[in-house]
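A.B. asks: Give the three-dimensional model of this entry:
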Amino acid sequence: MFNIYQGLIRSKIEYGLIAYGSAQPKLIKKLQITINKALRLITGASRQTPVIALLAETGTLPLKDNIEMCMLKYWARSCTLGDALPINKNIEKAGQRSEEHTSELQSLAYLVCRLLLEK
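C.D. replies: Numbers count the residues shown, from 1 in each chain. Now for the predicted structure:
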């Protein structure tokens, strides 16, 4: 049943992550709740099962973390194209933001992109 979830549902969710990754946190939370219900149904877990245990049992990431990971992967791929890709100008601007507004993972991804562009 989990393979069906991975193939039919999760793949559709991940396909659109870049598009709705910047959606309001309230909407992402609603989608995460729906995902949690599906995972509970698949695993047979009760409603009292903590979400973190449910995600660990199924080997999936929370949606918020999955969105960030997919966006960083896209960012890293786009950095290898250099100035040929217009979005890299926005990435450059994003990297210049102050440290208090970026996560540690985003800061590291920016540094990796800069190193790739220097090669």
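
A.B. asks: Tell me the secondary structure at residue 47.
C.D. replies: Three-state assignment for residue 47 (DSSP: H, G, I helix; E, B strand; the rest coil): coil.

A.B. asks: And for the closest residue to it other than its chain neighbours, the neighbour number?
C.D. replies: Distances taken as CB to CB, 6 or more residues apart in numbering place residue 40 nearest to residue 47, at 7.0 Å, with adjacent residues excluded. Every residue, glycine included, has its C-beta placed from N, CA and C. Using other CB atoms under 10 Å, residue 40 has 16 other residues around it.

A.B. asks: Can you verify my assumption that residue 40 contacts residue 50?
C.D. replies: No - the pair residue 40 / residue 50 is not scored as a contact, 11.2 Å apart, by CB atoms under 8 Å.

A.B. asks: for this structure, longest helix please?
C.D. replies: Selection of the longest helix in the chain by residue count, based on DSSP state H, yields helix 25-43.

A.B. asks: Other residues contacting it?
C.D. replies: Residues from elsewhere that reach helix 25-43, judged by CB atoms under 8 Å, 6 or more residues apart in numbering: 1-2, 5, 9, 13, 20, 45-47, 49, 51, 54-55, 57-58, 60, 62-64, 67.
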